[in-house]
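[1] just the structure for this:
(4 chains)
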Number of protein chains: 2
Amino acid sequence: MAQDSKPARRPYAKTAERRATIGRAALAVVRERGHRALTTAEVAERAGISEATMLYHFPSRDHLLVAALTASTEDQTQLVASQALSDLPGPDQLAGIIARDAMRDDKVAHLFTALSADAANPEHPAHEYFQDHYRTARSHLARIVRARQAAGTAHPDLDADAIARQLMAIWTGLQAQWLVEPDFDLAAEIEVAFRQLTGQSAVEAKRAIDDAMTRL
Amino acid sequence: MAQDSKPARRPYAKTAERRATIGRAALAVVRERGHRALTTAEVAERAGISEATMLYHFPSRDHLLVAALTASTEDQTQLVASQALSDLPGPDQLAGIIARDAMRDDKVAHLFTALSADAANPEHPAHEYFQDHYRTARSHLARIVRARQAAGTAHPDLDADAIARQLMAIWTGLQAQWLVEPDFDLAAEIEVAFRQLTGQSAVEAKRAIDDAMTRL
DNA sequence: GTCTATAGAGTGATAGAC
DNA sequence: GTCTATCACTCTATAGAC
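    Numbering: from 1, shown residues only, chains lettered A, B, ... in the order given. Just a heads-up that it's a prediction; the model follows:
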(Lines give C-alpha, C1' and ligand atoms only; values in the text may rest on other atoms or scores of the structure.)
Protein backbone atom coordinates (compact mmCIF):
# COMPACT_ATOMS: atom_id res chain seq x y z
CA MET A 1 0.00 0.00 0.00
CA ALA A 2 2.04 2.91 -1.27
CA GLN A 3 1.43 6.31 0.25
CA ASP A 4 0.02 9.03 -1.92
CA SER A 5 2.47 11.77 -2.75
CA LYS A 6 -0.11 14.41 -1.99
CA PRO A 7 -1.72 14.97 1.40
CA ALA A 8 -5.18 13.46 1.48
CA ARG A 9 -8.07 15.82 0.93
CA ARG A 10 -10.53 15.95 3.72
CA PRO A 11 -13.88 17.18 2.49
CA TYR A 12 -15.48 14.85 4.98
CA ALA A 13 -16.25 17.35 7.66
CA LYS A 14 -18.22 19.42 5.19
CA THR A 15 -19.89 16.32 3.86
CA ALA A 16 -21.06 15.32 7.32
CA GLU A 17 -22.47 18.80 7.76
CA ARG A 18 -24.30 18.66 4.47
CA ARG A 19 -25.66 15.23 5.19
CA ALA A 20 -27.00 16.53 8.48
CA THR A 21 -28.63 19.47 6.73
CA ILE A 22 -30.30 17.17 4.24
CA GLY A 23 -31.48 14.88 7.00
CA ARG A 24 -33.09 17.78 8.87
CA ALA A 25 -34.72 18.96 5.66
CA ALA A 26 -36.13 15.49 5.04
CA LEU A 27 -37.42 15.36 8.60
CA ALA A 28 -39.08 18.74 8.19
CA VAL A 29 -40.90 17.55 5.08
CA VAL A 30 -42.02 14.38 6.83
CA ARG A 31 -43.35 16.38 9.78
CA GLU A 32 -45.29 18.74 7.54
CA ARG A 33 -46.57 16.51 4.78
CA GLY A 34 -45.95 12.94 5.93
CA HIS A 35 -43.41 10.59 4.46
CA ARG A 36 -45.67 9.51 1.66
CA ALA A 37 -45.69 12.99 0.19
CA LEU A 38 -41.95 13.44 0.45
CA THR A 39 -40.27 13.95 -2.91
CA THR A 40 -36.59 14.23 -3.60
CA ALA A 41 -37.23 17.55 -5.29
CA GLU A 42 -38.75 19.16 -2.22
CA VAL A 43 -36.06 17.99 0.15
CA ALA A 44 -33.38 19.34 -2.16
CA GLU A 45 -35.15 22.66 -2.33
CA ARG A 46 -35.40 22.90 1.45
CA ALA A 47 -31.78 21.96 1.86
CA GLY A 48 -30.89 24.69 -0.62
CA ILE A 49 -29.11 22.43 -3.07
CA SER A 50 -29.90 20.77 -6.36
CA GLU A 51 -31.61 17.45 -6.54
CA ALA A 52 -28.59 15.80 -8.14
CA THR A 53 -26.30 16.98 -5.40
CA MET A 54 -28.60 15.64 -2.79
CA LEU A 55 -28.71 12.31 -4.57
CA TYR A 56 -24.94 12.35 -4.46
CA HIS A 57 -25.13 12.29 -0.67
CA PHE A 58 -28.20 10.10 -0.38
CA PRO A 59 -28.43 7.91 -3.46
CA SER A 60 -32.15 7.24 -3.19
CA ARG A 61 -35.37 8.47 -1.73
CA ASP A 62 -35.37 5.59 0.73
CA HIS A 63 -31.99 6.66 2.04
CA LEU A 64 -33.51 10.05 2.60
CA LEU A 65 -36.32 8.64 4.67
CA VAL A 66 -33.87 6.75 6.81
CA ALA A 67 -31.93 9.99 7.28
CA ALA A 68 -35.13 11.68 8.44
CA LEU A 69 -35.70 8.93 10.96
CA THR A 70 -32.14 9.20 12.19
CA ALA A 71 -32.56 12.94 12.69
CA SER A 72 -35.75 12.29 14.61
CA THR A 73 -33.99 9.81 16.86
CA GLU A 74 -31.52 12.55 17.80
CA ASP A 75 -34.44 14.77 18.73
CA GLN A 76 -35.91 12.05 20.91
CA THR A 77 -32.60 11.60 22.70
CA GLN A 78 -32.53 15.34 23.31
CA LEU A 79 -36.09 15.28 24.53
CA VAL A 80 -35.41 12.56 27.08
CA ALA A 81 -32.26 14.31 28.23
CA SER A 82 -34.17 17.57 28.70
CA GLN A 83 -36.57 16.01 31.17
CA ALA A 84 -35.82 16.10 34.84
CA LEU A 85 -35.74 12.44 35.72
CA SER A 86 -34.98 10.50 38.85
CA ASP A 87 -31.60 8.83 39.24
CA LEU A 88 -32.89 5.56 37.90
CA PRO A 89 -35.69 6.26 35.44
CA GLY A 90 -37.79 3.24 34.60
CA PRO A 91 -38.19 1.94 31.06
CA ASP A 92 -41.82 3.02 31.31
CA GLN A 93 -40.84 6.64 31.95
CA LEU A 94 -38.46 6.77 29.01
CA ALA A 95 -40.91 5.18 26.61
CA GLY A 96 -43.71 7.34 27.98
CA ILE A 97 -41.86 10.53 27.19
CA ILE A 98 -41.16 9.49 23.62
CA ALA A 99 -44.65 8.10 23.11
CA ARG A 100 -46.24 11.30 24.35
CA ASP A 101 -44.17 13.15 21.80
CA ALA A 102 -45.36 10.75 19.10
CA MET A 103 -48.97 11.44 20.07
CA ARG A 104 -48.41 15.11 19.45
CA ASP A 105 -47.02 14.49 16.00
CA ASP A 106 -47.82 11.12 14.52
CA LYS A 107 -46.10 11.70 11.18
CA VAL A 108 -42.74 10.48 12.41
CA ALA A 109 -44.31 7.47 14.09
CA HIS A 110 -45.97 6.68 10.81
CA LEU A 111 -42.64 6.87 9.04
CA PHE A 112 -41.09 4.63 11.67
CA THR A 113 -43.73 1.96 11.21
CA ALA A 114 -43.57 2.09 7.44
CA LEU A 115 -39.80 1.77 7.35
CA SER A 116 -39.79 -0.99 9.95
CA ALA A 117 -41.81 -2.98 7.43
CA ASP A 118 -39.49 -2.16 4.55
CA ALA A 119 -36.56 -3.11 6.76
CA ALA A 120 -37.45 -6.76 6.36
CA ASN A 121 -35.81 -6.55 2.96
CA PRO A 122 -32.01 -6.82 3.44
CA GLU A 123 -31.44 -4.70 0.34
CA HIS A 124 -33.39 -1.80 1.75
CA PRO A 125 -31.45 1.03 3.40
CA ALA A 126 -33.73 0.78 6.41
CA HIS A 127 -32.57 -2.77 7.05
CA GLU A 128 -29.28 -1.79 8.60
CA TYR A 129 -30.85 1.14 10.41
CA PHE A 130 -33.40 -1.07 12.13
CA GLN A 131 -30.89 -3.75 12.98
CA ASP A 132 -28.90 -1.08 14.78
CA HIS A 133 -31.94 0.60 16.24
CA TYR A 134 -33.40 -2.57 17.71
CA ARG A 135 -30.06 -3.70 19.03
CA THR A 136 -29.27 -0.35 20.61
CA ALA A 137 -32.70 0.16 22.09
CA ARG A 138 -32.78 -3.36 23.49
CA SER A 139 -29.38 -3.12 25.12
CA HIS A 140 -30.37 0.24 26.56
CA LEU A 141 -33.57 -1.19 28.02
CA ALA A 142 -31.83 -4.32 29.25
CA ARG A 143 -29.28 -2.21 31.10
CA ILE A 144 -32.05 -0.30 32.82
CA VAL A 145 -33.83 -3.49 33.78
CA ARG A 146 -30.62 -4.90 35.28
CA ALA A 147 -30.07 -1.70 37.22
CA ARG A 148 -33.58 -1.95 38.61
CA GLN A 149 -33.04 -5.56 39.49
CA ALA A 150 -29.96 -4.52 41.43
CA ALA A 151 -32.01 -1.82 43.11
CA GLY A 152 -34.73 -4.32 43.98
CA THR A 153 -37.50 -2.68 41.95
CA ALA A 154 -37.61 -5.42 39.34
CA HIS A 155 -37.90 -9.14 39.80
CA PRO A 156 -34.37 -10.61 39.98
CA ASP A 157 -35.28 -13.76 38.07
CA LEU A 158 -36.25 -11.93 34.90
CA ASP A 159 -34.06 -12.36 31.84
CA ALA A 160 -33.26 -8.74 31.10
CA ASP A 161 -32.43 -9.35 27.44
CA ALA A 162 -35.62 -11.27 26.79
CA ILE A 163 -37.67 -8.61 28.55
CA ALA A 164 -35.98 -5.88 26.53
CA ARG A 165 -37.05 -7.57 23.30
CA GLN A 166 -40.61 -7.81 24.59
CA LEU A 167 -40.62 -4.18 25.62
CA MET A 168 -39.55 -3.06 22.16
CA ALA A 169 -42.16 -5.30 20.59
CA ILE A 170 -45.04 -4.02 22.69
CA TRP A 171 -43.90 -0.45 22.20
CA THR A 172 -43.83 -0.61 18.41
CA GLY A 173 -46.86 -2.87 18.28
CA LEU A 174 -49.03 -0.56 20.34
CA GLN A 175 -47.86 2.37 18.28
CA ALA A 176 -48.85 0.61 15.07
CA GLN A 177 -52.32 -0.08 16.49
CA TRP A 178 -52.64 3.49 17.67
CA LEU A 179 -51.83 4.82 14.21
CA VAL A 180 -54.81 2.91 12.84
CA GLU A 181 -57.16 3.61 15.74
CA PRO A 182 -56.01 6.54 17.89
CA ASP A 183 -58.79 5.86 20.37
CA PHE A 184 -56.62 5.10 23.36
CA ASP A 185 -53.81 6.73 25.30
CA LEU A 186 -50.74 5.30 23.65
CA ALA A 187 -48.25 6.53 26.23
CA ALA A 188 -50.32 5.36 29.17
CA GLU A 189 -50.81 1.90 27.69
CA ILE A 190 -47.11 1.56 27.01
CA GLU A 191 -46.28 2.58 30.55
CA VAL A 192 -48.72 0.07 32.03
CA ALA A 193 -47.46 -2.74 29.83
CA PHE A 194 -43.85 -1.90 30.62
CA ARG A 195 -44.52 -2.01 34.33
CA GLN A 196 -46.26 -5.33 33.99
CA LEU A 197 -43.46 -6.86 31.97
CA THR A 198 -40.65 -5.59 34.12
CA GLY A 199 -42.14 -7.56 36.91
CA GLN A 200 -43.41 -4.85 39.18
CA SER A 201 -46.36 -7.07 40.02
CA ALA A 202 -44.13 -10.09 40.40
CA VAL A 203 -42.07 -8.13 42.88
CA GLU A 204 -45.23 -7.18 44.73
CA ALA A 205 -46.33 -10.80 44.79
CA LYS A 206 -42.95 -11.81 46.13
CA ARG A 207 -43.22 -9.15 48.82
CA ALA A 208 -46.62 -10.52 49.76
CA ILE A 209 -45.07 -13.93 50.15
CA ASP A 210 -42.24 -12.53 52.21
CA ASP A 211 -44.73 -10.71 54.39
CA ALA A 212 -46.72 -13.91 54.85
CA MET A 213 -43.55 -15.73 55.80
CA THR A 214 -42.61 -13.01 58.26
CA ARG A 215 -45.95 -13.33 59.96
CA LEU A 216 -45.32 -17.02 60.56
CA MET B 1 -90.18 1.07 -3.67
CA ALA B 2 -91.79 -0.27 -6.79
CA GLN B 3 -90.97 -3.78 -7.81
CA ASP B 4 -89.15 -4.33 -11.05
CA SER B 5 -91.23 -5.96 -13.73
CA LYS B 6 -88.40 -8.34 -14.48
CA PRO B 7 -86.88 -10.71 -11.98
CA ALA B 8 -83.71 -9.26 -10.57
CA ARG B 9 -80.45 -10.48 -12.03
CA ARG B 10 -78.22 -12.06 -9.54
CA PRO B 11 -74.66 -12.09 -10.74
CA TYR B 12 -73.56 -11.64 -7.17
CA ALA B 13 -72.89 -15.24 -6.38
CA LYS B 14 -70.60 -15.42 -9.35
CA THR B 15 -69.00 -12.17 -8.33
CA ALA B 16 -68.21 -13.47 -4.89
CA GLU B 17 -66.70 -16.54 -6.47
CA ARG B 18 -64.57 -14.51 -8.79
CA ARG B 19 -63.43 -12.24 -6.02
CA ALA B 20 -62.37 -15.29 -4.06
CA THR B 21 -60.47 -16.65 -7.05
CA ILE B 22 -58.65 -13.36 -7.48
CA GLY B 23 -57.83 -13.22 -3.79
CA ARG B 24 -56.30 -16.71 -3.88
CA ALA B 25 -54.33 -15.78 -6.99
CA ALA B 26 -52.99 -12.67 -5.27
CA LEU B 27 -52.03 -14.73 -2.22
CA ALA B 28 -50.23 -17.24 -4.43
CA VAL B 29 -48.17 -14.48 -6.01
CA VAL B 30 -47.33 -13.02 -2.61
CA ARG B 31 -46.21 -16.42 -1.31
CA GLU B 32 -43.99 -17.03 -4.33
CA ARG B 33 -42.52 -13.64 -5.06
CA GLY B 34 -43.36 -11.44 -2.09
CA HIS B 35 -45.84 -8.59 -2.09
CA ARG B 36 -43.36 -6.12 -3.48
CA ALA B 37 -43.08 -8.05 -6.72
CA LEU B 38 -46.82 -8.45 -7.15
CA THR B 39 -48.15 -6.83 -10.30
CA THR B 40 -51.74 -6.53 -11.36
CA ALA B 41 -50.82 -8.22 -14.63
CA GLU B 42 -49.57 -11.39 -13.01
CA VAL B 43 -52.51 -11.74 -10.66
CA ALA B 44 -54.91 -11.38 -13.57
CA GLU B 45 -53.03 -13.99 -15.53
CA ARG B 46 -53.14 -16.45 -12.63
CA ALA B 47 -56.82 -15.83 -12.12
CA GLY B 48 -57.37 -16.50 -15.81
CA ILE B 49 -58.98 -13.16 -16.57
CA SER B 50 -57.95 -9.89 -18.12
CA GLU B 51 -56.31 -7.18 -16.12
CA ALA B 52 -59.20 -4.79 -16.68
CA THR B 53 -61.72 -7.31 -15.43
CA MET B 54 -59.70 -7.87 -12.33
CA LEU B 55 -59.53 -4.16 -11.72
CA TYR B 56 -63.27 -4.10 -12.01
CA HIS B 57 -63.46 -6.36 -8.97
CA PHE B 58 -60.51 -4.87 -7.11
CA PRO B 59 -60.05 -1.29 -8.22
CA SER B 60 -56.39 -1.03 -7.26
CA ARG B 61 -53.30 -2.98 -6.52
CA ASP B 62 -53.65 -2.15 -2.83
CA HIS B 63 -57.10 -3.68 -2.76
CA LEU B 64 -55.52 -6.78 -4.22
CA LEU B 65 -52.97 -6.96 -1.44
CA VAL B 66 -55.69 -6.66 1.16
CA ALA B 67 -57.55 -9.47 -0.60
CA ALA B 68 -54.42 -11.61 -0.38
CA LEU B 69 -54.18 -10.93 3.34
CA THR B 70 -57.84 -11.79 3.80
CA ALA B 71 -57.34 -15.09 2.01
CA SER B 72 -54.37 -15.81 4.22
CA THR B 73 -56.42 -15.12 7.33
CA GLU B 74 -58.87 -17.79 6.20
CA ASP B 75 -55.99 -20.22 5.90
CA GLN B 76 -54.81 -19.39 9.39
CA THR B 77 -58.29 -20.02 10.76
CA GLN B 78 -58.29 -23.37 8.98
CA LEU B 79 -54.86 -24.15 10.35
CA VAL B 80 -55.87 -23.47 13.93
CA ALA B 81 -59.05 -25.49 13.49
CA SER B 82 -57.10 -28.42 12.09
CA GLN B 83 -54.97 -28.71 15.22
CA ALA B 84 -56.07 -30.97 18.01
CA LEU B 85 -56.34 -28.58 20.90
CA SER B 86 -57.44 -28.89 24.47
CA ASP B 87 -60.88 -27.71 25.49
CA LEU B 88 -59.62 -24.33 26.50
CA PRO B 89 -56.57 -23.49 24.40
CA GLY B 90 -54.49 -20.64 25.72
CA PRO B 91 -53.82 -17.49 23.74
CA ASP B 92 -50.20 -18.61 23.65
CA GLN B 93 -51.11 -21.84 21.87
CA LEU B 94 -53.20 -20.10 19.24
CA ALA B 95 -50.58 -17.48 18.52
CA GLY B 96 -47.86 -20.11 18.58
CA ILE B 97 -49.53 -22.13 15.85
CA ILE B 98 -49.92 -19.15 13.59
CA ALA B 99 -46.45 -17.83 14.34
CA ARG B 100 -44.86 -21.18 13.55
CA ASP B 101 -46.63 -21.07 10.22
CA ALA B 102 -45.27 -17.58 9.63
CA MET B 103 -41.76 -18.81 10.32
CA ARG B 104 -42.13 -21.38 7.58
CA ASP B 105 -43.21 -18.76 5.08
CA ASP B 106 -42.39 -15.21 6.00
CA LYS B 107 -43.78 -13.60 2.85
CA VAL B 108 -47.27 -13.25 4.23
CA ALA B 109 -45.96 -11.91 7.52
CA HIS B 110 -44.03 -9.35 5.55
CA LEU B 111 -47.18 -8.33 3.72
CA PHE B 112 -49.03 -8.07 7.00
CA THR B 113 -46.45 -5.75 8.49
CA ALA B 114 -46.25 -3.59 5.39
CA LEU B 115 -50.01 -3.17 5.16
CA SER B 116 -50.34 -2.51 8.88
CA ALA B 117 -48.15 0.52 8.25
CA ASP B 118 -50.18 1.66 5.26
CA ALA B 119 -53.33 1.18 7.31
CA ALA B 120 -52.51 4.32 9.26
CA ASN B 121 -53.84 6.23 6.28
CA PRO B 122 -57.67 6.28 6.46
CA GLU B 123 -57.87 6.46 2.65
CA HIS B 124 -55.96 3.24 2.23
CA PRO B 125 -57.96 0.03 1.67
CA ALA B 126 -55.96 -1.63 4.43
CA HIS B 127 -57.31 0.86 6.95
CA GLU B 128 -60.71 -0.76 7.29
CA TYR B 129 -59.22 -4.23 7.13
CA PHE B 130 -56.92 -3.56 10.04
CA GLN B 131 -59.57 -1.85 12.10
CA ASP B 132 -61.65 -5.01 11.74
CA HIS B 133 -58.70 -7.31 12.18
CA TYR B 134 -57.48 -5.70 15.38
CA ARG B 135 -60.96 -5.50 16.80
CA THR B 136 -61.79 -9.10 15.97
CA ALA B 137 -58.49 -10.50 17.15
CA ARG B 138 -58.65 -8.53 20.40
CA SER B 139 -62.19 -9.60 21.23
CA HIS B 140 -61.22 -13.17 20.47
CA LEU B 141 -58.22 -13.02 22.76
CA ALA B 142 -60.16 -11.20 25.47
CA ARG B 143 -62.80 -13.91 25.44
CA ILE B 144 -60.15 -16.57 25.91
CA VAL B 145 -58.56 -14.66 28.75
CA ARG B 146 -61.92 -14.33 30.47
CA ALA B 147 -62.56 -18.03 30.05
CA ARG B 148 -59.21 -18.77 31.62
CA GLN B 149 -59.96 -16.39 34.45
CA ALA B 150 -63.16 -18.32 35.06
CA ALA B 151 -61.20 -21.55 34.98
CA GLY B 152 -58.65 -20.17 37.42
CA THR B 153 -55.66 -20.32 35.07
CA ALA B 154 -55.38 -16.59 34.66
CA HIS B 155 -55.25 -13.92 37.30
CA PRO B 156 -58.82 -12.73 38.01
CA ASP B 157 -57.82 -9.10 38.46
CA LEU B 158 -56.51 -8.67 34.94
CA ASP B 159 -58.42 -6.42 32.57
CA ALA B 160 -59.06 -8.83 29.73
CA ASP B 161 -59.56 -6.11 27.12
CA ALA B 162 -56.38 -4.29 28.06
CA ILE B 163 -54.43 -7.54 28.03
CA ALA B 164 -55.83 -8.44 24.63
CA ARG B 165 -54.52 -5.20 23.19
CA GLN B 166 -51.11 -5.88 24.69
CA LEU B 167 -51.08 -9.40 23.32
CA MET B 168 -51.80 -8.18 19.80
CA ALA B 169 -49.11 -5.54 20.15
CA ILE B 170 -46.41 -7.91 21.33
CA TRP B 171 -47.38 -10.42 18.67
CA THR B 172 -47.10 -8.03 15.75
CA GLY B 173 -44.14 -6.23 17.29
CA LEU B 174 -42.10 -9.39 17.75
CA GLN B 175 -42.99 -10.46 14.25
CA ALA B 176 -41.75 -7.15 12.85
CA GLN B 177 -38.47 -7.56 14.73
CA TRP B 178 -38.14 -11.12 13.55
CA LEU B 179 -38.58 -10.10 9.93
CA VAL B 180 -35.56 -7.84 10.27
CA GLU B 181 -33.47 -10.21 12.36
CA PRO B 182 -34.71 -13.79 12.21
CA ASP B 183 -32.19 -14.83 14.83
CA PHE B 184 -34.66 -15.96 17.47
CA ASP B 185 -37.58 -18.34 17.77
CA LEU B 186 -40.54 -16.10 17.03
CA ALA B 187 -43.21 -18.56 18.10
CA ALA B 188 -41.44 -19.45 21.34
CA GLU B 189 -40.93 -15.82 22.28
CA ILE B 190 -44.56 -15.03 21.58
CA GLU B 191 -45.69 -17.94 23.72
CA VAL B 192 -43.48 -16.91 26.62
CA ALA B 193 -44.61 -13.30 26.44
CA PHE B 194 -48.26 -14.34 26.24
CA ARG B 195 -47.94 -16.50 29.31
CA GLN B 196 -46.27 -13.69 31.18
CA LEU B 197 -48.94 -11.18 30.26
CA THR B 198 -51.90 -13.40 30.93
CA GLY B 199 -50.71 -13.58 34.47
CA GLN B 200 -49.54 -17.16 34.67
CA SER B 201 -46.73 -16.05 36.94
CA ALA B 202 -49.07 -13.90 38.96
CA VAL B 203 -51.28 -16.93 39.44
CA GLU B 204 -48.28 -18.96 40.48
CA ALA B 205 -47.24 -16.28 42.91
CA LYS B 206 -50.73 -16.22 44.33
CA ARG B 207 -50.64 -19.98 44.71
CA ALA B 208 -47.36 -19.69 46.56
CA ILE B 209 -49.00 -17.26 48.91
CA ASP B 210 -51.96 -19.55 49.40
CA ASP B 211 -49.61 -22.44 50.07
CA ALA B 212 -47.74 -20.38 52.60
CA MET B 213 -51.02 -19.48 54.28
CA THR B 214 -52.08 -23.10 54.33
CA ARG B 215 -48.91 -24.08 56.08
CA LEU B 216 -49.67 -21.58 58.83
C1' DG C 1 -69.19 -8.26 -16.67
C1' DT C 2 -65.61 -8.72 -19.73
C1' DC C 3 -62.13 -7.33 -22.74
C1' DT C 4 -58.40 -4.65 -25.92
C1' DA C 5 -55.63 -1.04 -26.06
C1' DT C 6 -53.75 3.04 -24.57
C1' DA C 7 -51.62 6.57 -22.03
C1' DG C 8 -50.94 9.25 -18.10
C1' DA C 9 -47.98 10.49 -14.70
C1' DG C 10 -44.97 11.35 -11.61
C1' DT C 11 -40.56 10.13 -10.12
C1' DG C 12 -36.47 8.32 -9.27
C1' DA C 13 -32.17 8.24 -11.04
C1' DT C 14 -28.11 9.29 -14.53
C1' DA C 15 -24.76 11.54 -17.91
C1' DG C 16 -21.62 14.76 -18.33
C1' DA C 17 -19.99 19.64 -17.93
C1' DC C 18 -17.96 22.89 -14.56
C1' DG D 1 -18.78 18.29 -5.01
C1' DT D 2 -22.04 20.66 -7.51
C1' DC D 3 -25.18 21.58 -11.08
C1' DT D 4 -28.37 21.46 -15.62
C1' DA D 5 -30.97 18.77 -18.26
C1' DT D 6 -33.03 14.71 -19.48
C1' DC D 7 -34.10 10.06 -19.48
C1' DA D 8 -36.32 5.95 -18.59
C1' DC D 9 -39.99 3.78 -17.18
C1' DT D 10 -42.63 0.64 -14.76
C1' DC D 11 -46.92 0.24 -13.57
C1' DT D 12 -51.26 1.58 -12.57
C1' DA D 13 -55.62 2.86 -13.97
C1' DT D 14 -59.15 4.38 -17.51
C1' DA D 15 -61.90 4.83 -21.80
C1' DG D 16 -64.88 2.70 -24.53
C1' DA D 17 -66.43 -1.35 -27.44
C1' DC D 18 -68.73 -5.86 -27.03
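[2] backbone phi and psi for the residue positioned nearest the centre of chain A, please?
    Most central in chain A under CA atoms, centre = their mean is residue A:73, positioned 5.6 Å from the mean C-alpha point. Here is the backbone geometry of residue A:73 (degrees, to the nearest 10): phi -60, psi -40.
[3] tell me which element the spatially closest residue to it that is not a sequence neighbour is part of?
    Leaving out its chain neighbours, the residue that sits closest to residue A:73 by CB to CB, 6 or more residues apart in numbering or on different chains is residue A:133, at 7.4 Å. Glycine gets a C-beta too; all of them are placed from N, C-alpha and C. Using DSSP states H and E, residue A:133 sits in helix A:125-151.
[4] show the subsequent helix or strand relative to that helix.
    Per DSSP H and E, the helix or strand that comes after helix A:125-151 is helix A:160-180.
[5] what helices or strands is that following helix leaning on?
    Helix A:160-180 sits against helix A:91-104, helix A:106-118, helix A:125-151, helix A:186-197, helix B:106-118, helix B:125-151, helix B:160-180, helix B:186-197, with contacts defined as 3 or more CB pairs under 8 Å, 6 or more residues apart in numbering or on different chains; DSSP states H and E.
[6] of all these, which one is nearest DNA strand D?
    helix B:125-151 (9.7 Å; CB to the nearest atom of the strand).
[7] same question for the closest one, mean pLDDT?
    Averaging pLDDT along helix B:125-151 gives 96.
[8] show me what counts as buried in that helix.
    B:125-127, B:129-130, B:133-134, B:137-138, B:141-142, B:144-149 (16 or more other CB atoms under 10 Å in any protein chain shown).
[9] can you check stretch A:161-181 too?
    For stretch A:161-181, by 16+ other CB under 10 Å, it's A:162-180.
[10] pull up the residues of chain A that are close to DNA strand C.
    Proximity of chain A to DNA strand C is confined to A:38, A:39, A:40, A:41, A:51, A:52, A:55, A:59, A:60, A:61, A:62 under the rule CB under 7 Å from any atom of the strand.
[11] what's the pLDDT at residue A:175?
    98.
[12] pLDDT at the closest residue to it other than its chain neighbours, what is it?
    Ranked by CB to CB, 6+ apart and with sequence neighbours excluded, the top spatial neighbour of residue A:175 is residue A:109, at 5.6 Å. Predicted confidence (pLDDT) at residue A:109: the value is 98.
[13] tell me who's in contact with residue A:109.
    With contact set as CB atoms under 8 Å, 6 or more residues apart in numbering or on different chains, residue A:109 has these partners: A:102, A:175, A:178, A:179.
[14] got the contact list for residue A:120?
    Residue A:120 neighbours (CB under 8 Å, 6+ apart): A:127, B:106, B:110, B:113, B:176, B:179, B:180.
[15] and which of those residues is nearest to DNA strand C?
    Closest to DNA strand C, out of all of the contacts of residue A:120 and judged by CB to the nearest atom of the strand, is residue A:127, at 14.9 Å.
[16] you'd agree that closest one is up against residue B:181?
    No - with contact defined as CB atoms under 8 Å, residue A:127 does not count as touching residue B:181 (9.5 Å).
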